[in-house]
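>>> give me coordinates for this.
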Amino acid sequence: MSMTFPPSELSDGRLDLSLGDVEDAALSRSVGRETVQGVSSSDGPDATPGTGAEALAQRYGAVLSDLDGVVYAGPSAIPGASEALEKLGAIGVALAYVTNNASRSSAEVAAHLRALGLPATAEQVFGSALAGAELLAGRVPAGATVLVTGSAVLARHVAEQGLIPVTTADPLPDAVIQGFEPTLGWKDLAEAAFAVAGGAVWVATNTDMSFPQERGIAPGNGTLVAAVSAATGRAPVVAGKPEAQLFMTAANHLGVQEALVVGDRLDTDILGGNRAGMATALVLTGVDTAENALAAVTDQRPMYLFSDLGQLHQPYPDITERDGVYTSGGSRANVEDGVVIMGGARENVDTWRAGCAAWWAASPRQYTASLPPLRFLDEE
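Predicted coordinates:
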């Protein structure tokens, strides 16, 4: 979960898309005739051509993958994830892992992934600490002083940008960057508040309100950012999901123009990928379900729907439309009187692909997540 700030404060203006832009991009990708997802009309010569035998991943220069719920769940790798990710290199597609974690180094995250049997090097891991430091470097001059309210990893990334990390707001620093570190206390937050109130540029690596621990759910960086915000009446610029900067940082370092963002959460992975103007895929091995995807607000709708990462290496079916009936694979769907009627097995991802296409076409601008009534013909 992330805290919400006014749209104009969320990210660097060079990268941020307005809500209307994000919605328009999502609309064109999810229900337009010429889309990456492949919704097309079966009438007329300009219908989107079939994908043939091309694996979906081959359309992109890189796959930017989330971690928990996509490549691992708890203490174990998700079945088939390692094999699917290993195969990307063989087809010339780069792999990167994107995470909001700002306290662990890329080497530490990569070591954890390798311990689970997943392919990973430090160079393939991009966290919100690096994204935040790069975002900040675009807003202050070289040599600017930066109060680092966060980990040693964050301080190192700030220094690598040619900025000067400091630990106090006296004298007033040029900027504040705030990221999670479990030993942070009141005095650290007070220094950050003094600097922010004094007019310093303020960047937050991420605004995740909580994260799971062995004993339960613990407060995340978002709660610490919220404390400074409450004290100062200001909001930070944010680098991590669901903002665009983290994804842009990964793509820029990989040197790719076209990337596919793969995640299990609509409100962070998919929204962030959409804001970055990238293709997005929701994989149904983590938090969000096919029902959640169908019910999603416009700017959280994914371009693709996967049952698992193995589908990176399969052709993605064209989703065709004729007389209001949408077809994906052997499944079909249409909307009548606000009810989504699906022909196909409930457990078949193609049924949900068709259902999403039909509902999103019927409800192109949706501002509140709401699941319409569903009817499965195969269950009658």
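>>> can you list the weak-confidence ranges in the stretch 101-250 of the chain?
Applying pLDDT under 70 to the stretch 101-250 of the chain flags no residue at all.
>>> give me that answer again for 90
210-217 (pLDDT under 90).
>>> all strands for it, in order.
Read by DSSP state E, counting those that start in this stretch, the stretch 101-250 of the chain holds these strands, from start to end of the chain: 125-127, 145-149, 164-166, 175-178, 201-204, 210-213, 216-219, 237-238.
>>> which of these sits closest to Glu379?
Closest to Glu379 of those, according to CB to CB: strand 210-213, at 35.0 Å. Yep, even glycine has a C-beta here, placed from its N, CA and C like the rest.
>>> may I have the closest one as CSV, with CA atoms only?
Taking Å, rounded to 0.1, in the frame of the first residue of the first chain, the C-alpha atoms of strand 210-213 are listed here in CSV:
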residue,chain,number,x,y,z
SER,A,210,3.7,-1.2,5.5
PHE,A,211,5.7,-4.4,4.8
PRO,A,212,5.5,-7.9,6.1
GLN,A,213,7.7,-9.2,8.9
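>>> partners of it, with directions?
Using DSSP bridges, the strands paired with strand 210-213 are strand 216-219 (antiparallel).
>>> how about the closest residue to Asp174 other than its chain neighbours, phi and psi?
Counting by CB to CB, 6 or more residues apart in numbering, the nearest residue to Asp174 once its immediate chain neighbours are dropped is Ala144, at 3.9 Å. Its backbone dihedrals place Ala144 at phi -70, psi 150, with angles given as degrees, to the nearest 10.
>>> run through the residues that contact the closest residue to Ala231 other than its chain neighbours.
The shortest distance from Ala231 to any residue other than its chain neighbours is 4.3 Å, reached at Ala193 (CB to CB, 6+ apart). Taking CB atoms under 8 Å, 6 or more residues apart in numbering, we find Ala193 in contact with 227-228, 231-232.
>>> from those, which two are the most distant?
Farthest-apart pair in the contacts of Ala193 is Ala227 and Thr232; separation 9.7 Å (CB to CB).
>>> give the pairing partners of the helix or strand encompassing Glu321; include direction for each.
Using DSSP states H and E, the element containing Glu321 is strand 319-322. Here strand 319-322 has these sheet partners by DSSP bridges: strand 39-41 (parallel), strand 325-328 (antiparallel).
>>> which parts of it are buried?
With burial defined by 16 or more other CB atoms under 10 Å, the residues of strand 319-322 counted as buried are 319-321.
>>> could those residues be laid out in CSV, adding distance to Ala296 and pLDDT?
Output for the buried residues of strand 319-322, formatted as CSV (distance: CB to CB, whole Å; pLDDT from 0 to 100):
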residue, distance to Ala296, pLDDT
Ile319, 16, 95
Thr320, 22, 97
Glu321, 20, 97
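>>> just send the residues you listed back as JSON lines, with distance to Ile217 too.
Compiled in JSON lines, the buried residues of strand 319-322 are given as follows (distance: CB to CB, whole Å):
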{"residue": "Ile319", "distance to Ile217": "38"}
{"residue": "Thr320", "distance to Ile217": "44"}
{"residue": "Glu321", "distance to Ile217": "43"}
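>>> ok, of those residues, which one's closest to Ser76?
Proximity of the buried residues of strand 319-322 to Ser76 (CB to CB) peaks at Ile319, which lies at 33.2 Å.
>>> quick one: the closest one and Trp352 touch, right?
No. Between Ile319 and Trp352 there is no contact, the gap being 11.1 Å when judged by CB atoms under 8 Å.
>>> separation between the residue lying closest to Val256 once chain neighbours are set aside and Trp202?
Leaving aside its chain neighbours, Val256 sits nearest to Gly61 (3.3 Å; criterion: CB to CB, 6+ apart). Gly61 sits 33 Å away from Trp202, taking CB to CB, to the nearest Å as the criterion.
>>> of those two, give the one with the bigger neighbour count.
Here Gly61 and Trp202 are compared on neighbour count by other CB atoms under 10 Å; more neighbours surround Trp202, at 26 against 17.
>>> ok, and the closest non-adjacent residue to that one?
If the residues on either side of it in the chain are set aside, Trp202 comes closest to Pro236, at 4.3 Å by CB to CB, 6+ apart.
>>> any idea how many residues pack against the one you found?
Taking other CB under 10 Å as the criterion, the count of residues near Pro236 is 25.
>>> go on, the one 4 residues further on?
One way to gauge burial is a neighbour count; for Gly240, by other CB under 10 Å, it gives 31.
>>> repeat that for Gly343.
The criterion is other CB under 10 Å. On that basis, Gly343 has 18 neighbouring residues.
>>> ok, Pro372 next?
Residues within reach of Pro372, counting by other CB under 10 Å, total 16.
>>> could you look up the SS state of it?
Classification of Pro372 into helix, strand or coil gives coil, according to DSSP: H, G, I helix; E, B strand; the rest coil.
>>> residues touching it, list them.
Applying CB under 8 Å, 6+ apart, we find Pro372 in contact with 294-295, 335, 338-340, 359, 363.
>>> again, only this time at 6 Å
For Pro372, the set of contacting residues under the criterion of CB atoms under 6 Å, 6 or more residues apart in numbering consists of 338, 340.
>>> now it: how far from Asp323?
Pro372 sits 20 Å away from Asp323, going by CB to CB.
>>> got it, and Ala142?
Per CB to CB, Ala142 is found 61 Å from Asp323.
>>> again, but for Ala107
With distances taken as CB to CB, Ala107 is found 56 Å from Asp323.
>>> when those two are compared, which one has more neighbours?
With other CB under 10 Å as the criterion, Ala107 and Asp323 differ in neighbour count, and Ala107 comes out ahead with 14 against 8.
>>> the more buried one against Ala122, yeah?
Yes. Shown here, Ala107 and Ala122 form a contact pair, counting by CB atoms under 6 Å, at 4.2 Å.
>>> quick check: phi and psi on Val283?
With angles defined as degrees, to the nearest 10, Val283 sits at phi -100, psi 130.
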